[in-house]
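# Got a predicted structure plus its sequence, pasted below:
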Amino acid sequence: MKQIQLRQVSKSFGDVEVIPPLDLEIEDGEFVVFVGPSGCGKSTLLRLIAGLEDVTSGQVLIDGADATAIPPARRGLAMVFQSYALYPHMSVRRNIAFPLRMAGLDRAEQERRVDEAAKVLNLTEYLDRRPGQLSGGQRQRVAIGRAIVREPTAFLFDEPLSNLDAALRVGMRLEISELHKRLSTTMIYVTHDQVEAMTMADKIVVLQHGVIEQVGSPMELYRAPRNTFVAGFIGSPRMNLLEGAEAARHKAHTIGIRPEHIAISTRKGDWQGVVGVSEHLGSDTFFHINCPDFAAPLTVRADGELDLSYGSTVFLTPDLLHLHRFDDNGLRLT
Amino acid sequence: MATQHSQSVARMMMAPAVILLLGWMLVPLTMTLFFSFKKYLPLRGGDLGWVGFENYVRFVSSSSFWPAVATTLIIVGGVLAITVLLGIALALLLDQPMWGQGVVRILVIAPFFVMPTVSGLVWKNMFMDPVNGFFAHLWRFFGAEPIQWLSQASMPSLVMIVSWQWLPFATLILLTAIQSLDTEQLEAAEMDGARPLGRFWFIILPHLARAITVVILIQTIFLLSIFAEIFVTTAGAFGTKTLTYLIFQRVLESQNVGLGSAGGVYAIILANIVAVFLLRVVGKNLDA
């Protein structure tokens, strides 16, 4: 029973309400990702859970006990920061041992736990280096190591991969997921990258302006976005959101269709358009198609081998099974 | 080719500055060395010829020499200790968000703008005067006998005056260093269970190491040669004669340029010993 509960938690900085009262439950062992555009309050929410910010109103419950007034160190949570926040003047060993040292563990136990964490994270040969002598990925692992040794109730990650290059990010993403499977400890992960959210999460919390737009598993969010914001945010490339006559034909204010649910043909189809820029990824190709019926160009996924020249005329057919309909408030119609 | 050209051009361009600096340093140094081997009494016969190492022997064997060295080191050490410790405390305090931060910070720097002569006189006449000084009034208010600061506690007084002057410098440098500390590090330490004192000891203080080193090195350079504060307060009496002041007395009061020059050479040696010692102790903080 190590769940984290937020009850009517809100946060204001002065007169500005960053997070209106919200409720959220995080089950034991879950990998929860807070995702949203920058400035949506996801980091603030994480810091409220960590205790680095005080809640303006409401309660934070950890293991069913009210932790709202408990200082961060005693909440049993460990946090990995965006800048890693390693202590530059300490060796990797002393960095990882720092929380244990602060907890007053004896030296032998400290050594044992540090060695264990180093083994898990492949840091054994770097233990005597300074953070400044490590690469970005290694620093990230040290930061995770410093979190692991405390054997916390939950791990909090604040955009931990945003300072890494693309290739390393994919690698670390796997390592963190792997770590979660192995430790099966609750993890709360903040990111603005929906790909990270989709690939890692058991449960995604989509936030906008401090408001939870939708909570659910990655596939739930992908299949049935509750509103146009979630529809546009989850999935890459973005879902095509169309308004006007075509939407009205489906009895909706807005319709959404993902690039992968549109068939492309040079001979016949429902919509006619002109090929714009095409992005070749090898396995897939994304075409931006300008249709006279719609204001914005449509993004369409096609097989990587399909080659259409710029300016040629094509026909598109949406897969009606995967058509999403939204009303004039942006809410999903069923 | 191009690099060779640009290198020689660069050398030519830098030459005037280098020559000027070299001359600036070498001419006085050579003249000091030159005079230190002469018996030269401007008002009593002028240049009386070469005397070998006689000036050096006389300067060291004077009863004032070792006390002067000791006084110099005590003042340097005392002022360094006070300014660094109080500087850290003040910097921590000024780093806290507060109302009127800008004004307070300017006020803190203010003593640094007061000329040493002026601050020496202000302290001597307005604070430390045994009859009318502020401290005398304060002591009397509590029914105590006022201290005759500059005679009874001459060294502490002097250290206090000089510390007051140099505290702003230390505070300013340390404050900028504290402000450059990544707040996420402090938050990480907080999450890791470090209490405020632990955060100071394990995170802030190590972060300040380099700034403290800079403060110590720069202040030492200036403190080894303080003069005005002594001149206007005790004029070297009551055991406040530093090496600098002793040289001044030899050259101007005794009108013995040769002897003073020999003292100058000793001052250079002392400064170098202190410099080597400091670089050994704190210099490693400047690496990396």
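Sure, I can see it. Numbering: from 1, shown residues only, chains lettered A, B, ... in the order given.
# Look up which helix or strand residue B:55 falls in, please.
Taking DSSP states H and E as the definition, one finds residue B:55 inside helix B:54-61.
# Oh, that last question was meant for residue A:55, not what I typed.
Using DSSP H and E, residue A:55 falls outside every helix and strand.
# Next: residue B:244.
Here residue B:244 is assigned to helix B:243-248, by DSSP H and E.
# C-alpha coordinates for that helix, PDB please?
Extracted in PDB, the C-alpha atoms of helix B:243-248 (Å, rounded to 0.1, in the frame of the first residue of the first chain):
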ATOM      1  CA  LEU B 243      56.900  45.900   8.200                       C
ATOM      2  CA  THR B 244      55.600  48.500   5.800                       C
ATOM      3  CA  TYR B 245      55.400  51.100   8.500                       C
ATOM      4  CA  LEU B 246      58.900  50.200   9.800                       C
ATOM      5  CA  ILE B 247      60.300  50.800   6.300                       C
ATOM      6  CA  PHE B 248      58.400  54.200   6.100                       C
END
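# is chain A contacted by the helix or strand following that helix?
Per DSSP H and E, the first helix or strand lying C-terminal to helix B:243-248 is helix B:257-282. No - Helix B:257-282 stays clear of chain A (Cβ under 8 Å from any Cβ of the partner chain), getting no nearer than 14.4 Å. (Glycine included, C-beta is placed from N, CA and C.)
# How far away from the center of its chain is helix B:257-282?
Distance of helix B:257-282 from the chain centroid (Cα atoms, centre = their mean, to the nearest Å) equals 14 Å.
# Show me what it is packed up against.
Here helix B:257-282 touches helix B:2-36, strand B:38-41, helix B:54-61, helix B:65-95, helix B:205-223, helix B:243-248, going by 3 or more Cβ pairs under 8 Å, 6 or more residues apart in numbering or on different chains; DSSP states H and E.
# And stretch A:99-117, how far out from the chain middle?
Using Cα atoms, centre = their mean, the mean C-alpha position of stretch A:99-117 is found 32 Å from that of the whole chain.
# got the contact list for it?
A:73, A:78, A:93-94, A:96-97, A:123-124, A:127, A:145-146, A:148-150, B:189, B:191-194, B:198 (Cβ atoms under 8 Å, 6 or more residues apart in numbering or on different chains).
# Report the central residue of chain A.
In chain A, the centroid-proximal residue (Cα atoms, centre = their mean) is residue A:197; its distance is 3.2 Å.
# what about that one, helix or strand, and which?
Residue A:197 belongs to helix A:194-200, assigned by DSSP H and E.
# Just the CA coordinates for that helix, please, in CSV.
Written as CSV, here are the backbone C-alpha positions of helix A:194-200 (Å, rounded to 0.1, in the frame of the first residue of the first chain):
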residue,chain,number,x,y,z
GLN,A,194,4.6,12.8,-25.7
VAL,A,195,6.8,10.1,-27.2
GLU,A,196,8.4,9.6,-23.8
ALA,A,197,4.9,9.6,-22.2
MET,A,198,3.6,7.0,-24.7
THR,A,199,6.5,4.7,-24.5
MET,A,200,7.1,4.6,-20.8
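# What residues sit buried inside the helix holding residue B:55?
B:54, B:55, B:56, B:58, B:59 (16 or more other Cβ atoms under 10 Å in any protein chain shown).
# need those in a markdown table with distance to residue B:204 and pLDDT, can you?
What follows is these, written out as a markdown table (distance: Cβ to Cβ, whole Å; pLDDT from 0 to 100):
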| residue | distance to residue B:204 | pLDDT |
| --- | --- | --- |
| B:54 | 54 | 82 |
| B:55 | 50 | 84 |
| B:56 | 47 | 86 |
| B:58 | 51 | 84 |
| B:59 | 46 | 85 |
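# Export those residues as TSV, with columns for distance to residue B:231.
Listed next are these as TSV, based on distance: Cβ to Cβ, whole Å:
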residue	distance to residue B:231
B:54	28
B:55	24
B:56	25
B:58	24
B:59	20
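# farthest pair in these?
The span of those, defined through Cβ to Cβ, is set by B:54 and B:59 at 9.6 Å.
# So what sits opposite residue A:263 in the bridge?
Beta bridges link residue A:263 to residue A:317 when assigned by DSSP bridges.
# I figured it was touching residue A:322, is that so?
No - with contact defined as Cβ atoms under 8 Å, residue A:263 does not reach residue A:322; the gap is 11.2 Å.
# Spatially central residue for chain B, please.
Central residue of chain B (Cα atoms, centre = their mean): residue B:223, at 1.7 Å.
# Quickly note the distance from it to residue B:279.
16 Å (Cβ to Cβ, to the nearest Å).
# Ok, residue A:299 next?
Taking Cβ to Cβ, one finds residue A:299 at 64 Å from residue B:279.
# Next: residue A:277.
In terms of Cβ to Cβ, residue A:277 sits 62 Å off from residue B:279.
# got it, and residue B:136?
Distance from residue B:136 to residue B:279, by Cβ to Cβ: 43 Å.
# So which elements touch the helix holding residue A:197?
Counting contacts by 3+ Cβ pairs under 8 Å, 6+ apart, helix A:194-200 is packed against strand A:31-35, helix A:166-183, strand A:186-191, helix A:218-223.
# Lowest average pLDDT across the ones you listed?
Lowest mean pLDDT of those: helix A:166-183, a mean of 87.
# Next, the angle from it to strand A:186-191.
160 degrees (axes from the mean of the first three to the mean of the last three Cα atoms, to 10 degrees).
# hmm, who's touching helix A:166-183?
Helix A:166-183 is contacted by residues A:31, A:120, A:136-137, A:140-141, A:144, A:148, A:157, A:160-161, A:164, A:187, A:189, A:196, A:199-200 when judged by Cβ under 8 Å, 6+ apart.
# which of those count as buried?
A:31, A:120, A:137, A:140-141, A:144, A:148, A:157, A:160-161, A:164, A:187, A:189, A:196, A:200.
# re earlier: would you agree the residue nearest to the centre of chain B is in contact with residue B:78?
No - at 9.5 Å, residue B:223 does not count as touching residue B:78 under the criterion of Cβ under 8 Å.
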